[in-house]
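*Asks:* how does the following fold in three dimensions:
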Amino acid sequence: MVHNDCDIIWKGFSKGELNVHFLKHGAEFGEITQSQYLKLAKGFASEAGEHIEQQTVGKFLIKYNKNTQDILVGRMDLREIRTFYRANPAMTKINPFQDALDFAATLTK
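*Replies:* Numbering: from 1, shown residues only. I've put the predicted structure just below:
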């Protein structure tokens, strides 16, 4: 199921999670600050185009940029970003988008 996320105004990460995700994934986007990381995540959340794949899994929206390998998983009802990262080919099991879908499926159980 494809979800039109244009109407979602993402708040950011859930309380206390921004720093955790920035420390884990921030360097994947170069030398950026925590606020730049948040700005990138929110910007990507509203990005659209032929290079973007997206799908919903339960209450989660998963977005994947085929050009940059960026992945976002967000909980739509709370408008919270769950994670934002750049896929690492060495860590990919199936493909980056499917791996993110599988991760989101574990969150819905």
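*Asks:* the chain: strands as residue ranges?
*Replies:* For the chain, the strands defined by DSSP state E cover 12-13, 52-57, 60-65, 70-75, 80-86.
*Asks:* same list (those) but as TSV, adding mean pLDDT and distance to Asn95.
*Replies:* Backbone N, C-alpha and C define where each C-beta goes, glycine included. Shown next, in TSV, are the strands of the chain (pLDDT from 0 to 100; distance: least, C-beta to C-beta, whole Å):
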stretch	mean pLDDT	distance to Asn95
strand 12-13	96	25
strand 52-57	96	10
strand 60-65	96	9
strand 70-75	96	11
strand 80-86	96	14
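*Asks:* so which of the ones you listed gets nearest Leu40?
*Replies:* Smallest distance to Leu40 across the strands of the chain (C-beta to C-beta): 7.2 Å, for strand 80-86.
*Asks:* which of the strands of the chain sits closest to Asp99?
*Replies:* Comparing the strands of the chain by their distance to Asp99 (C-beta to C-beta), the top pick is strand 70-75, with 8.2 Å.
*Asks:* and the closest one, what's buried?
*Replies:* Buried residues in strand 70-75, defined by neighbour count with 16 or more other C-beta atoms under 10 Å: 70-75.
*Asks:* partners of Leu61 in the sheet?
*Replies:* Beta-bridge partners recorded for Leu61 (DSSP bridges): Thr56, Gly74.
*Asks:* would you check that my belief about it contacting Val73 is correct?
*Replies:* Yes: using C-beta atoms under 8 Å, Leu61 is in contact with Val73, at 7.4 Å.
*Asks:* Phe97 is nearest to which of the strands of the chain?
*Replies:* strand 60-65 (4.1 Å).
*Asks:* and the angle from the closest one to strand 52-57?
*Replies:* Angle, strand 60-65 to strand 52-57, by axes from the mean of the first three to the mean of the last three C-alpha atoms, to 10 degrees: 160 degrees.
*Asks:* contacts for strand 60-65?
*Replies:* Residues from elsewhere that reach strand 60-65 (C-beta atoms under 8 Å, 6 or more residues apart in numbering): 3, 5, 8, 44-45, 47, 51-56, 70-76, 82, 87, 96-97, 100-101, 104, 107-108.
*Asks:* alright, calling it a day.
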